[in-house]
Structures are given as structure tokens and as C-alpha cells.
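Asks: could you look at this predicted model? Sequence included:
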Amino acid sequence: MRRPNAGGFIFMEVILTLAILTVGAVATFQSYRLSMRAFHESHERFEAGLLLERQLGEYEKTRLLNRTLATDSFLNPVTWNDEVVRTDPLYGAEHRISLGWGEGPRAQSLEQSIYVAL
């Protein structure tokens, strides 16, 4: 019990203060961790987009997929796929080029279509 004129804090006030500070620290840490994960995933998508654009540029010139294009990338292992979706006499053949990276539950992919004259 607290005496009417006694100074200081009672034990429950200290425990409550520590609990509030702990909840705040955990929430801050979780927020930081989630923002770092989002940054990493957006960086991977950006790198994949650059690789895919580079592959499309080479594909327009050579009409071949350069499967060794991403060997120096941190996205390894990568897979490239070229699928002819349809052929149009006016526009040419529509190719869907896809880039896949990662393994297991972290596997992701990015696709882009391109028309190549017949």
C-alpha cells in the first residue's frame, strides 16, 4: 500500500511502463523488418524488369533468347521462357517472354509480350 505522502512509484506502475515500452519496441522492430522485406522484393522486381527489357532488346535483334543473360545477377537461379501466343499477318508473331527467379515459396516471375515481324 502506498502511504499518502510517500514519493516514488509503486511496483505496478513500473511493470505497466515496461510493458508499454516493450510493445512499442516490438512494433517498431516489426515495422522495420517488414519495410526491409518490401525494399528487397522491390529491388528484385526492378532488377528483373531491367533484365527482361535487356532480353527483349536482344530478342528483337537476334530473334533468339540469350539464356546466359542473367548469370551475373543476384536473382540466380533464373529461367527464361519464350512462348508464341498467336500469329497475326499484320503485326507478326506475338511472343510472351517470361523471366522466373528464386526457388520454392520465394519463386517469382515477370512476363512481357513482344511482336516480331514474320
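Replies: Here it is on my side, so go on.
Asks: what are the phi and psi values for Asn66?
Replies: Asn66 adopts backbone torsions of phi -90, psi 100, taken as degrees, to the nearest 10.
Asks: and it, how far is that from Arg106?
Replies: Distance of Asn66 to Arg106, computed by Cβ to Cβ, to the nearest Å: 24 Å. For glycine as for every other residue, the C-beta is placed from the backbone atoms N, C-alpha and C.
Asks: just want to know which of the two has more residues nearby.
Replies: Taking other Cβ atoms under 10 Å, Asn66 and Arg106 do not tie; Asn66 has more neighbours (12 against 9).
Asks: thought that one was touching Leu56?
Replies: No: using Cβ atoms under 8 Å, Asn66 makes no contact with Leu56, being 10.8 Å away.
Asks: pull out the buried positions in stretch 80-92.
Replies: Within stretch 80-92, the residues scored as buried using 16 or more other Cβ atoms under 10 Å are Trp80.
Asks: quick one: that stretch to chain centroid distance?
Replies: 28 Å (Cα atoms, centre = their mean, to the nearest Å).
Asks: with stretch 12-31 instead?
Replies: Per Cα atoms, centre = their mean, the centroid offset for stretch 12-31 relative to its chain is 31 Å.
Asks: report the secondary structure element holding the spatially most central residue of the chain.
Replies: With distances taken as Cα atoms, centre = their mean, the residue of the chain nearest its centroid is Glu41 (2.0 Å). According to DSSP states H and E, Glu41 maps onto helix 11-62.
Asks: quick one, phi psi at Ile10?
Replies: phi -90, psi 160.
Asks: from Thr17, how far out is it?
Replies: Separation of Ile10 from Thr17 (Cβ to Cβ) stands at 11 Å.
Asks: just say helix, strand or coil for the closest residue to Leu51 other than its chain neighbours.
Replies: Once flanking residues are discounted, Leu51 sits nearest to Ala70: 5.3 Å by Cβ to Cβ, 6 or more residues apart in numbering. Secondary structure, DSSP: H, G, I helix; E, B strand; the rest coil: Ala70 is coil.
Asks: dump the residue contacts of Ala70.
Replies: Going by Cβ atoms under 8 Å, 6 or more residues apart in numbering, Ala70 touches Leu51, Asn76, Val78, Leu99, Trp101.
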